[in-house]
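Asker: Following is a predicted model, sequence given first.
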Amino acid sequence: MADDQDLLDRFRPLADATFAAPSPRSALDARVRRRRRRRVRAGGAAVALAAVGALAAVRLAGAPSRPDVAARVTATTVPRRTGGLGTGPRLVIGWVPEGLSSGDCRRLPGAVLRITCSLDVPTTAVPDGATVMWMPGAATAEVRAAWARRDVAAVVNPLVGPRPGAAFTVIDGGPVVALGETDRIAGGSVGRPARVATGWLLVAGDDVVQVTTEGLSTGQVEQVVAGIGTSPENPGFTVPDGKLPAGARPVAQGPQRPWLEPDRLHPELSAPASGTAYGITYALAGSRSLLSVTVIRDTDATAFLAAWSDELRQATGSPPAPVERRGRSGRAYTPAQPGDRVQVAVAAGDHTVILVKGPVRDLDAALTIAASVDVGAH
Amino acid sequence: MTVTADDGGFAAWYQREHRRLVNVLVVMAGDVDLGVEVADEAFARCLQRWDGPRRPLDPSAWTYRVAVNLLRRRWSRRRREHRVAAVLVPPEAVELPAPAVELWRAVARLPERARMAVVLRYVGGLTEREVAQAMGVAVGTAAATLAKARRQLATALEDPREAVDG
C-alpha cells in the first residue's frame, strides 16, 4: 500500500473522474468583474482616494504595488461599510497563517508613532511567532529611491543599521528585503537548540514595515510577509464614529485568528476559536494604550463567551462580570492593576461576538462601543 | 506542472488544468460543490492576473497554491460540518468503482494536512516539490508529510471504522 506508483494507480479513477464540466469563460469573466467591483466598493470613495495616494507614492518610488493579499484574505467578508475606518494608512496584516494566533498590538514608547502587532504560535511554551512593526513615515525620499533601484544597503543602513547578509527577494510577487538572522539566543548549558530570529523589511509608500519571525516555517513566514499592507480595507462592520473616543485613529487591522487557551499550564491544549474574525486597532489621543474592536462571526456565541470568560478567569484570578447594554449581553473584565486593559465581549445574536479591549480602565466606554458596533446581516 | 505564461493563452491552459484541479479540490474537500466553487474562484483570480504585470510565471503552481489556501479558509469556517459523516460519502451523482469509493472514504478520514498531501500527490499527480509549493511548506516537510500520510492511509484502509490520528 505504501508504494508510490501503486497509489498513483489506485487513485487513477478519482483523478480521471468528471465531477464538473469547466465553467464557461463568461462565468469566469463575470466572477472577475464581481471581484473588481467588490474591491472598488471596499473602501468607498474616501478609501479609494487613500489607496490612490498610497499607490501614487509607491509608484513615485518606482516599486511595484504589494500583492493582492487583502482581497484574498477578506473574500468571505463582503465589504459593505466604512464607519470608524478612517482613511489614513495603517498596518494591515492580511494573512494569519494556520497554526498562529493573533496577538495584541501595542504602541511603542516615544513621540513617533510605532505600532507592533504579534502573531503567536499558541501551542508551545516558547515564544515562537512573528512580530510586525509599522513605522509610518519612516521611508525618506532617499530610502524610497533606494528601494526603487533595489539598492539594499541604502535601504537597510538608515533603517536598521548595516546588515551584510541583507538581500532583496520576492515573496508572492512583491519585493522584500530579507535581513537574515537578526538575533540568536544560545541554547545554554542544558543543550537546548539555539533560538534564531530572522527579519524582513518592506517599504510601502512613506511607510516601513519590519517583520521579525522566530520558529516559523518558510510557508508561514511567506504568508505573513505577503499579507502586509498599509491601505485601509473594509472590515465588514461599522464602529460608529461618535462612539469612539475623540481622536481615535485606526493603526492596525486585518483578519484575525483568535485562539482559546483552556489551561494556561498546558498551551498544547489551545485551539483556534471557531468562526472567522476581523479586528481594528485604534490609537487614542494622549494615550499609549490602544483600543481594539474585533468581530467574530460564524461562531457559537454562547460557547465562545463561556470559554473566553473561563480563560480570562484563569489569567486574572477573577471571573469577568455579566454586562448588558442595548440588548447585547456578555461579560466584562475590569482590571485591578493599572496599565491593564478593560475587556468586554458581548453576543450580537447567536453566532456573532464583539470583543472590545481598552481603553485603560474605562469599562463604560468599551461597553458603549461593543453595544453600538453594527455587524449588519452576514 | 509548469506551464509557461505564453503557452497557448488562458483558454487552452484552463481547459487543460480544469479537471485536475477540480478533482483535487473535490476529493480534498469531500464536497463537490465546495471543490468546484474553490476551483472557479482560483481560476478567476488567475484570469484576473493573466493579462497584467502580475501574471504568474507558473500559472498552475500559482493557482494550486491559491486554491489550497482558499480551501483552508473555507474549511476553518466549515470544520464542524466536515466532521460529520456526510463527507465520508461520495456524491451519488458521480459513478465511481468500489475501490475508488473506498479510497474516497479513507482520504476523508485523514487529518487535514495528510489529506492535502495525499490528494495533491495522487489525484493531482504533483511532484513532491509541487506539493510543497501548493501547501506552502518546505520540500522536506512535504516529503515527510506524504510519508506519514501514506501510513495513515494504509491504516484507514485497513480499518475504516477508526479515526486516523494526526
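Answerer: Done, it's in.

Asker: Show me where chain A has its helices.
Answerer: A:4-10, A:12-16, A:25-60, A:69-73, A:141-148, A:152-160, A:218-226, A:301-316, A:363-372 (DSSP state H).

Asker: One more: chain B?
Answerer: So, for chain B - with DSSP H - the helices run B:9-29, B:32-50, B:59-83, B:98-108, B:112-122, B:128-135, B:139-158.

Asker: Tell me which of these sits nearest to A:Val344.
Answerer: Proximity to A:Val344 (C-beta to C-beta) singles out helix B:59-83 among these, at 24.8 Å. C-beta coordinates here come from the backbone N, C-alpha and C atoms, glycine included.

Asker: Could you list the low-pLDDT ranges of the chain?
Answerer: Answering for chain A, as no chain was given. Applying pLDDT under 70 to chain A picks out residues A:1-2, A:37-84, A:125-126, A:184-194, A:262-265, A:337-339, A:360-361, A:377-378.

Asker: That was the other one, I meant chain B.
Answerer: Judged by pLDDT under 70, the stretches of chain B that qualify are B:1-8, B:53, B:76-95, B:159-166.

Asker: Just the closest residue of it to chain A, please.
Answerer: Proximity of chain B to chain A (C-beta to the nearest C-beta) peaks at B:Gly136, 3.2 Å away.

Asker: Format the helices of chain A as CSV; extra columns: distance to chain B and mean neighbour count.
Answerer: Formatted as CSV, the helices of chain A follow (distance: least, C-beta to the nearest C-beta, whole Å; neighbours: other C-beta atoms under 10 Å in any protein chain shown):
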stretch, distance to chain B, mean neighbour count
helix A:4-10, 5, 13
helix A:12-16, 4, 18
helix A:25-60, 4, 16
helix A:69-73, 7, 22
helix A:141-148, 16, 18
helix A:152-160, 22, 18
helix A:218-226, 3, 22
helix A:301-316, 11, 17
helix A:363-372, 23, 20
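
Asker: Could you dump those into CSV with distance to A:Gly86 added?
Answerer: Supplementary listing: the helices of chain A in CSV, determined by distance: least, C-beta to C-beta, whole Å:
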stretch, distance to A:Gly86
helix A:4-10, 53
helix A:12-16, 50
helix A:25-60, 9
helix A:69-73, 16
helix A:141-148, 23
helix A:152-160, 26
helix A:218-226, 24
helix A:301-316, 28
helix A:363-372, 15
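
Asker: quick one, which of those is nearest to A:Gly103?
Answerer: helix A:218-226 (12.4 Å).

Asker: How far off centre is that closest one?
Answerer: 13 Å (C-alpha atoms, centre = their mean, to the nearest Å).

Asker: Can you tell me what sits against that helix?
Answerer: Contacting residues not belonging to helix A:218-226 are listed as A:67, A:69, A:93-100, A:119, A:130, A:132, A:171-172, A:174, A:176, A:198, A:200, A:202, A:211, A:213, A:216, B:135-138 [C-beta atoms under 8 Å, 6 or more residues apart in numbering or on different chains].

Asker: What remains of those if I keep only buried residues?
Answerer: The neighbour-count test (16 or more other C-beta atoms under 10 Å in any protein chain shown) marks A:67, A:69, A:93-100, A:119, A:130, A:132, A:171-172, A:174, A:176, A:198, A:200, A:202, A:211, A:213, A:216, B:135-137 as buried among these.

Asker: sorry, back to before: among the helices of chain B, which is the most enclosed?
Answerer: Stretch with highest mean neighbour count among the helices of chain B: helix B:112-122 (a mean of 24; mean count of other C-beta atoms under 10 Å in any protein chain shown).

Asker: Show me what that helix is packed against.
Answerer: On a contact count with 3 or more C-beta pairs under 8 Å, 6 or more residues apart in numbering or on different chains; DSSP states H and E, helix B:112-122 meets helix A:4-10, helix B:9-29, helix B:59-83, helix B:98-108, helix B:128-135, helix B:139-158.

Asker: would you list the ones you listed in JSON lines and tack on distance to A:Gly254?
Answerer: As requested, the helices and strands packed on helix B:112-122 are arranged in JSON lines below (distance: least, C-beta to C-beta, whole Å):
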{"stretch": "helix A:4-10", "distance to A:Gly254": "39"}
{"stretch": "helix B:9-29", "distance to A:Gly254": "26"}
{"stretch": "helix B:59-83", "distance to A:Gly254": "14"}
{"stretch": "helix B:98-108", "distance to A:Gly254": "32"}
{"stretch": "helix B:128-135", "distance to A:Gly254": "23"}
{"stretch": "helix B:139-158", "distance to A:Gly254": "26"}
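
Asker: Among those, which comes closest to A:Asp29?
Answerer: Here helix B:9-29 is closest among the helices and strands packed on helix B:112-122 (C-beta to C-beta), at 10.5 Å.

Asker: That closest one and chain A in contact?
Answerer: Yes: Helix B:9-29 is in contact with chain A by C-beta under 8 Å from any C-beta of the partner chain, via B:Ala11, B:Tyr14, B:Gln15, B:His18, B:Arg19, B:Arg20, B:Val22, B:Asn23, B:Val26, B:Val27.

Asker: excluding its backbone neighbours, what's nearest the first one?
Answerer: Here the nearest residue to B:Ala11 in space, its sequence neighbours aside, is A:Arg25; by C-beta to C-beta, 6 or more residues apart in numbering or on different chains that works out to 6.4 Å.

Asker: The fourth one too?
Answerer: Distances taken as C-beta to C-beta, 6+ apart put A:Pro22 closest to B:His18, at 4.2 Å, once the chain neighbours are dropped.

Asker: Wait, that neighbour touches B:Trp13, no?
Answerer: No: counting by C-beta atoms under 8 Å, B:Trp13 is not a contact partner of A:Pro22; they are 11.4 Å apart.

Asker: what's the overlap in contacts for these two?
Answerer: With C-beta under 8 Å, 6+ apart applied, the contact sets of A:Pro22 and B:Trp13 do not overlap.

Asker: Reformat the helices of chain B as JSON lines; add distance to A:Ser318.
Answerer: Output for the helices of chain B, formatted as JSON lines (distance: least, C-beta to C-beta, whole Å):
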{"stretch": "helix B:9-29", "distance to A:Ser318": "44"}
{"stretch": "helix B:32-50", "distance to A:Ser318": "44"}
{"stretch": "helix B:59-83", "distance to A:Ser318": "32"}
{"stretch": "helix B:98-108", "distance to A:Ser318": "45"}
{"stretch": "helix B:112-122", "distance to A:Ser318": "37"}
{"stretch": "helix B:128-135", "distance to A:Ser318": "43"}
{"stretch": "helix B:139-158", "distance to A:Ser318": "43"}
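
Asker: A:Asp104: which of these is closest?
Answerer: helix B:59-83 (21.3 Å).

Asker: Between the helices of chain A, which one is closest to B:Gln152.
Answerer: helix A:4-10 (12.5 Å).

Asker: Can you list the neighbours in contact with that closest one?
Answerer: A:Met1, B:Pro99, B:Leu103, B:Val118, B:Arg121, B:Tyr122, B:Gly125, B:Arg150, B:Leu153.
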